[in-house]
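Participant: pasting the structure only:
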C-alpha cells in the first residue's frame, strides 16, 4: 500500500509584495495560503529521503532568527530562494549569484557598521552606497578613479588623519589638562621629575630594602585623576595591602616601586605615556595623567630552604643477629 503524505510547499513569490493601499498604510499584505502539493512516498528510499530532509532542519529556524535576523513571516521567501539555488544545480552563474548575496550580507551587516564606528566623531563619514560602488568597481577591475594599491594607500592615510582628528576632538582637552598639571607640579617644592617624565614626592622616607622588578610587594595605595576624582584604592579590595609584582603594573608604577625602600610613602604623578596611554580603563579616560599615593609595606621574600639532615638509623632499627 502506497503511503501518501501531504506536504505544504511555499511557492509564494507574490506573497512578499505590498499592495499600493497597504503600502500607504505602512502595513504588509498577508501572505497567500501556500499551494498544497501532494507528495507520494512510494518506497523505502522515498521515505528515507523525506525524513532525512525534515531531520536536518532541526534547530535551523532558531538559527535563522537569532543569527541571520530572519523574520519567520517570510519563511516562504526563504524557501523560494533555496529552491532557486537547489534547482540550479552546478550552474556557475547561479553559484556566483548566490556568493554575491552572501558577500553583500557580510558587507552590509558586518563591515559597514565597523567602518562607521571607526569614523564616528571624525571630519569624514562612511556612505553606504559609495562604499558599495567602490567595492564592486574593484571586483570588476574598474580603475577609472583609483588603482587597487592607490586606493588602499589613501584609505590608510585617511584612517590615520581622521583618527588623529577624533582623538583631538574627544580627548585633546583631557591630554592638555594633564600636561598643564605636570608642568605646574614640577615647579613645586619636593617634587622630583625623572627623565621618563615620572614625577614623585617623598611623603615618608623608608629605610628598608628596595624590591626587584619580579619580586612580589605589599602596597597600600589610592589613585586619583588631576581633578581629584578617586578611581581606585587598595582599601576597596579588602583590609590587607594589595599584592603584585612591579612588572605586572603600569610603567609609572614599575619605575617608582623599583626605587622605593620598604616603609616609604610616595606621591606619584604619572603622565599618560607611563599610565594607560590612549586606552580607556574604567573611569580613566584616554590620555589621563594619574596621581597615586603609594605606601610600600613590604616585600614577599621566600624563606631560604633549610638543609636536609639525613637521620642515621637507630640501633633498634637494625636487624638483630640470630
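Facilitator: Right, received. Where do you want to start? What you are looking at is a predicted structure, and each value in this text was computed from that prediction instead of being measured.

Participant: what residues are up against the nearest residue to residue 298 once chain neighbours are set aside?
Facilitator: Spatial nearest neighbour of residue 298, chain neighbours left out: residue 218 (4.5 Å); criterion: Cβ to Cβ, 6 or more residues apart in numbering. The C-beta positions use only the backbone N, C-alpha and C, and glycine is treated the same way. By Cβ atoms under 8 Å, 6 or more residues apart in numbering, residue 218 lies in contact with 240-243, 296-300.

Participant: now do residue 299
Facilitator: Per Cβ under 8 Å, 6+ apart, neighbours of residue 299: 208-209, 211, 215-218, 262.

Participant: and the longest helix seen in the chain, what's buried?
Facilitator: Scanning the chain for the longest helix, with DSSP state H as the assignment, gives helix 148-185. By 16 or more other Cβ atoms under 10 Å, the buried positions in helix 148-185 come out as 162, 166-167, 171, 174-175, 177-178, 181-182, 185.

Participant: tell me how many other residues crowd residue 272.
Facilitator: For residue 272, the neighbour count with other Cβ atoms under 10 Å is 24.

Participant: so it sits against residue 289, correct?
Facilitator: Yes. Counting by Cβ atoms under 8 Å, residue 289 is a contact partner of residue 272 at 6.0 Å.

Participant: any low-confidence regions in the stretch 101-250 of the chain?
Facilitator: Across the stretch 101-250 of the chain, nothing is flagged by pLDDT under 70.

Participant: residue boundaries of the strands in it?
Facilitator: For the stretch 101-250 of the chain, the strands defined by DSSP state E, counting those that start in this stretch occupy 191-193, 199-204, 217-225, 230-233, 242-244.

Participant: wait, which of those strands is closest to residue 267?
Facilitator: strand 199-204 (4.6 Å; Cβ to Cβ).

Participant: that older thread, the longest helix of the chain to strand 217-225, inter-axis angle?
Facilitator: Going by axes from the mean of the first three to the mean of the last three Cα atoms, to 10 degrees, helix 148-185 is angled at 100 degrees with respect to strand 217-225.

Participant: tell me which residues touch the closest residue to residue 181 other than its chain neighbours, please.
Facilitator: In space, and not counting its chain neighbours, residue 181 is closest to residue 226: 4.5 Å by Cβ to Cβ, 6+ apart. Shown in contact with residue 226 (Cβ under 8 Å, 6+ apart): 177-178, 181, 288-289, 291.
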